[in-house]
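Participant: the sequence isn't on hand, but the structure is:
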C-alpha cells in the first residue's frame, strides 16, 4: 500500500519545476539592480565638449544627476533630453547639477545633439568607456541620482520623465550636506 | 480579405483538430470504425487548412500586406524576394505556423503508415497527435495570431531582423522543428501505450525509426544553428550555451539516451518504465524549449516577443507533464518489472552507464539554465550561468560518453568474457595509448585535448576492428572485399549507421576541442596599407568601400590575406539597417581543413584611412561541419528500411 | 547612416591623456592578449545576451577589454580585476558563478546528479545480477500476470 501512495510522487515532482518557471513571469531578466545604489559614487574627471574640466568632486555638496546618453540612442535619449534641460533650468538654483556623459558616440553627432536640444548643462564624452563602466551602466539612457554627500541614491534605466526626475531629486534636496 | 481567410482557416482547423482528437478517443473506446475514419478525415483537413494558412501568410509577405502586423514587423519594401518567403517563419507567429504545419504533416504520415499495423495503439496515437496540434492551433488563433491586422496601415514595414537574412537561418528552424515535431510521434505512441495499458514492446518497435529520424533532424538543426552562429554573429564561436541553445540541446541529449536504452528493451525486455519516462521527458523538454524561447522568462539571444504566449506554453507543459506522469503512476505495476542481468561486465551495463551520463548532462544543463531564476526566487540576486560553467561541468561527462562510445558497441551482451574483451579492446586500447603519447610528443599539453584525441583514436579503432573483422569473415566466405563491405553496411544498416553517427560525433568532438584549445585572435587598428600578423598569416588593410543595398547600407573593408603566398581578399563589413540602432557585423572568412581565417570589421574612419579589425585564426572548426556530414551519412544508413531482401 | 567613430586610436589617445593627467605611470607589467582574453571570457557582455566580453564584437565589450588590460598593466591581480566588475555590475556579470555560498549549488548539481545516477544504477545492477536468468522471475509471476504477458506478446507483430 505504501508503494501505491509513493508512486504519485512522480507527477507531483513536476510541480516545483513548473512553479519555478511560473515564477519567471514575475521577473524581468533585463532589469538588473545596481550594486552601487547606497554606495559612494565613483569619481570621474572628464572634459566637456566645451573644453572645460568636469569632475564629480567639484560638485560635492550638491545633488548631482548623472545622465548617460548617446546620439544614436533613439528614441529614448531624444525623449528625455528636453526633460533634463527643463529640470536643469528649474533646479540649478536649488543646488542641483545635471551632468551628461556621452558614451560610445562620435563627437560631431553628439555636438549636433546638444545643439539641437539646446542643452546648457555640462556634457562630456567618455571616449574610453571608463566612466560608464565605473558606474556599471548597461546601455543608454541610464541616470544616477547622487546626494549631497556623494552617494548614489537611485538609478533609473530608460527615458526620464519630469515626474521620475522630481521624485528622485526632491527628497535629496531636503537632506543636509554634512 | 486574405488575412481573414487565414484566420478563419486556423479557427476551423482548431475545431477540427479537437473534433478529431475526441472522435479518435471515442473510436478507441467503442471500437466503431466510422469514428476513427472521421478523425482521420479531420486530420487531413487540418493539414490542408494549416497549409492554406501558411500559403496565405506567404502571400501576404510577397504582396507587402502591411495591414497585417506580423508582415509589417518582419518585412519591408527593401526585403529581397528570397527573404520575404523565409521571413514568414522569421519570428514568433510564423514559426508557430511552420511548427504546426510540420506536426500536421507528421500526423498524416503516421496515419498512412500505422493505421493498419497498430490497431490497439493507433487511435490513441491519433488522439495525442491531434491534441498537440489543437494546442498549437490555439496558439495561432488566440495567443499569437499571425494574421492580426493593424490600423493605420504603415507605408512601409519595419523589416526582418537582419541577422536572419542568411541561408542558415532558413534551414536551421526547418531542421530543428522537424526534429522537435518529430519527437511528438514517439511521445504519442508512448502515451497510447500508457492509456491502453499495452506497455509492452510494441510501441518501441513501431517508433524506433521515427525517433532516429527526429533525432537526426534535431542534430542537423543544432549543427546548422552552430554554423549560423559562426558565420553570422561575428564572435568566432558556434555554441554559446545560450538558454535557447540549451533548450534545443536537452531534448537531443535525452533522445540520444533513449535511442540507446531502447536497445536494451528490444533485446532484454527491460527498462520499460525508464524508456517511457525518457520519451515523456524528451517531449516535455521540446515544449520547455518553446516556452523558454517564446516567453522572455530567461534572457537569451533569441529575443522573441513577450506576451501571453509564455503562459500558454507553460500551461500546456504542465498539462502534458502531469497527465503523462500521472498515467505513468497508474501503470506503475505493469511497467515496474524486475530486470535481469547476467554480469556487470556487459553491454547492458555500458548502456545503463551511458544513460546515467546523458541524463546527468541533461540535468546539469537544465539546472544551469534555470538557476538564475532559482537564485532570484531564493535570495533575490541575479546571477548568470554561462559558457565557462557549462564547458567545465560537461566536459568530463562528454569525455566519459566518448569512452563508452568505444566500449558499448563491441562489448558482449549479457556477459563479456575476458576473451571477448581482449579480442575487441586490446588493440584499440594500445592504439589509443600510443596516440596519447604521440600527441603529447607533438607538443599538445592541454590534458583535455590529449584525452579527447586519444579517446577519439581509441573509439575509431574499435569501429575499424569491428568492421574489418566482419568484412574479413565475409571475404573468407568467398565474397570480394568491396561487395562484402557494402553487404555488411546494407544488411546491418542499423549497427553500421550507428557507427557512422559515432564517427561523425568523434569528428565533431575533435573540431570542438581543437577550436577551443588552439584558436588564436588579435584585434588591431590598421591604417591603409598596414598589416597585422597572426599565426603565420598576414592581413593587410587595403581600403574601405561603401555601398547602398536594397534594404541597408554597407561599409566593407578589403583585406588581403597571405601566408607567404597570396590567399585572396576578404571583405568583412558592417551593415547599417534603418530599423536597427547599431550596425550588424558581416563576417568574412576563408575556411580550411586545418584552420579558418576569420575577420570581423570593427570601427573605421569615415574617410577610409583606417579600420579596426578582429582577426582570428580558428583551428579545426571545419571538422565540426564535416562531422555533421558524416553523421548525416550514418543517420541515413540507419534510417533505411531493414530486412529488405537484397534484390 | 550613423558611423561611430571612437576608434581605438582615440581611445588610445585618451588613455594617454588620462595617464598624463595622473602623472603617466608606466605599465607595471606587460600584459598578453591571452591574459586579457582569459579574464574577459569570464565576464558577461552587458549589452549583448550571453556573450562574453571576450567574444562580443560590441563597442562596449571592446572598451571593457581595454579596461581589463589597463588594470592588469597597473599591477592588479586577475581576481582584483574581476572584483572591480562585480562591484559595479553585481554577480550577474560573472558567466561562471562563484563556487561559494548559494551559487555553489549550481556547481554541486552535476556531481550530485552523476553520483545519484551511478548509485541507482549500481543498486539495480547489483540486484539484477543476483537474480540469475530464468529462475525466480518466471516462477513468482501470478496467473493474472501470466495471462497479461501472453496477451501482450501475442498482440505484437
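Facilitator: Structure received. Quick caveat: nothing in here was measured; it's all calculated off a predicted structure.
Participant: quick check: mean pLDDT of stretch B:52-72?
Facilitator: Mean pLDDT, stretch B:52-72: 92.
Participant: and if you look at stretch B:398-408?
Facilitator: 93.
Participant: again, but for stretch C:108-121
Facilitator: Averaged over stretch C:108-121, pLDDT sits at 94.
Participant: hmm, it touching chain B?
Facilitator: Yes - residues of stretch C:108-121 contacting chain B under C-beta under 8 Å from any C-beta of the partner chain: C:109, C:110, C:113, C:114, C:117, C:118, C:120, C:121. The C-beta positions use only the backbone N, C-alpha and C, and glycine is treated the same way.
Participant: near chain C, which residues of chain A show up?
Facilitator: Listed as neighbours of chain C in chain A under the rule C-beta under 8 Å from any C-beta: A:32-36, A:42, A:45, A:71-72, A:104-107, A:109, A:127-130, A:132-139.
Participant: at 10 Å instead, please
Facilitator: Proximity of chain A to chain C, by C-beta under 10 Å from any C-beta of the partner chain, involves residues A:29-30, A:32-36, A:39, A:42, A:45-47, A:53, A:70-72, A:74, A:103-110, A:125-130, A:132-140.
Participant: give me the buried entries from those residues.
Facilitator: For the residues of chain A next to chain C, a burial check counting by 16 or more other C-beta atoms under 10 Å in any protein chain shown picks out A:29, A:32, A:34-36, A:42, A:46-47, A:70-72, A:103-106, A:109-110, A:125-130, A:132-140.
Participant: which of the residues of stretch C:108-121 next to chain B fall within helices?
Facilitator: In helices, defined here by DSSP state H, the members of the residues of stretch C:108-121 next to chain B are C:109, C:110, C:113, C:114, C:117, C:118, C:120, C:121.
Participant: can you lay out these as CSV showing neighbour count?
Facilitator: Shown next, in CSV, are those (neighbours: other C-beta atoms under 10 Å in any protein chain shown):
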residue, neighbour count
C:109, 18
C:110, 23
C:113, 22
C:114, 21
C:117, 19
C:118, 15
C:120, 12
C:121, 15
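Participant: redo those residues as TSV? Include distance to residue C:82.
Facilitator: Listed next are those as TSV, based on distance: C-beta to C-beta, whole Å:
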residue	distance to residue C:82
C:109	23
C:110	23
C:113	28
C:114	29
C:117	33
C:118	34
C:120	38
C:121	39
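Participant: on that earlier part again, narrow the buried ones among the residues of chain A next to chain C to those in strands?
Facilitator: Those of these mapping onto strands are A:46, A:47, A:103, A:125, A:126, per DSSP state E.
Participant: so what are the domain limits for chain B?
Facilitator: Taking automatic domain parsing as the domain assignment, the ranges for chain B are B:1-165, B:169-335+B:351-383, B:387-518, B:520-623.
Participant: with adjacent residues omitted, what lies nearest to the closest residue to chain A within chain C?
Facilitator: At 3.0 Å from chain A, residue C:63 is the closest residue in chain C, using C-beta to the nearest C-beta. The shortest distance from residue C:63 to any non-neighbouring residue, by C-beta to C-beta, 6 or more residues apart in numbering or on different chains, is to residue A:129 (3.0 Å).
Participant: can I see the domain layout of chain C?
Facilitator: Domains of chain C are assigned by automatic domain parsing as C:8-93, C:101-155.
Participant: tell me, which of these is the model least confident about?
Facilitator: Among the domains of chain C, domain C:101-155 scores lowest, with a mean of 74.
Participant: sec struct for residue A:121, please.
Facilitator: Three-state assignment for residue A:121 (DSSP: H, G, I helix; E, B strand; the rest coil): coil.
Participant: that one - how many residues pack around it?
Facilitator: 19 (other C-beta atoms under 10 Å in any protein chain shown).
Participant: so it sits right up against residue A:97, yeah?
Facilitator: Yes - counting by C-beta atoms under 10 Å, residue A:97 is a contact partner of residue A:121 at 7.4 Å.
Participant: next up, the contacts around residue 175.
Facilitator: Just so you know, I chose chain A. For residue A:175, the contacting residues are A:63, A:147, A:148, A:149, A:153, by C-beta atoms under 10 Å, 6 or more residues apart in numbering or on different chains.
Participant: that was the other one, I meant chain B.
Facilitator: By C-beta under 10 Å, 6+ apart, the neighbours of residue B:175 are B:216, B:217, B:218, B:219, B:220, B:221, B:222, B:223, B:224, B:225.
Participant: switch the cut-off to 8 Å
Facilitator: By C-beta atoms under 8 Å, 6 or more residues apart in numbering or on different chains, the contact list for residue B:175 reads B:217, B:218, B:220, B:221, B:224.
Participant: what does residue B:566 give?
Facilitator: Contacts for residue B:566 (C-beta under 8 Å, 6+ apart) come out as residue B:560.
Participant: which SS state does the closest residue to residue A:75 other than its chain neighbours fall under?
Facilitator: Setting aside the residues directly before and after it, residue A:75 is nearest to residue A:159 in space (C-beta to C-beta, 6+ apart), at 7.8 Å. Assigned with three-state DSSP, residue A:159 falls in the coil class.
Participant: next one: residue A:159 relative to chain C, how far apart?
Facilitator: 18 Å (C-beta to the nearest C-beta, to the nearest Å).
Participant: what about that residue, distance to residue B:91?
Facilitator: Distance, residue A:159 to residue B:91, by C-beta to C-beta, to the nearest Å: 26 Å.
Participant: neighbours of residue 95, just the number please.
Facilitator: Chain wasn't specified; assuming chain A. Using other C-beta under 10 Å, residue A:95 has 15 other residues around it.
Participant: look at chain C instead
Facilitator: 25.
Participant: doesn't residue A:152 lie inside a strand?
Facilitator: Yes - the assignment for residue A:152 is a strand, going by three-state DSSP.
Participant: what does the residue nearest to residue C:63 show for phi and psi?
Facilitator: Here is the backbone geometry of residue A:129 (degrees, to the nearest 10): phi 80, psi 0.
Participant: equivalent analysis for residue C:72, please.
Facilitator: phi -60, psi -40.
Participant: again with residue B:588
Facilitator: According to degrees, to the nearest 10, residue B:588 has phi -130, psi 150.
Participant: the one 10 residues further on too?
Facilitator: Main-chain torsions, residue B:598, degrees, to the nearest 10: phi -140, psi 120.
Participant: that one: what's it in contact with?
Facilitator: By C-beta under 8 Å, 6+ apart, the neighbours of residue B:598 are B:236, B:587, B:589, B:615, B:616, B:617, B:618.
Participant: gap between the first one and residue B:248?
Facilitator: This means residue B:236. 21 Å.
Participant: state the distance from the residue in the stretch 1-150 of chain B that chain A sits nearest to to residue B:503.
Facilitator: Here the stretch 1-150 of chain B gets closest to chain A at one residue, residue B:143, 14.0 Å apart by C-beta to the nearest C-beta. Separation of residue B:143 from residue B:503 (C-beta to C-beta): 43 Å.
Participant: how far does stretch A:115-126 stretch from one end to the other?
Facilitator: End-to-end distance of stretch A:115-126: 18 Å, with C-alpha to C-alpha, to the nearest Å as the criterion.
Participant: tell me the buried residues in it?
Facilitator: Buried-residue list, stretch A:115-126, by 16+ other C-beta under 10 Å: A:119, A:121, A:122, A:123, A:124, A:125, A:126.
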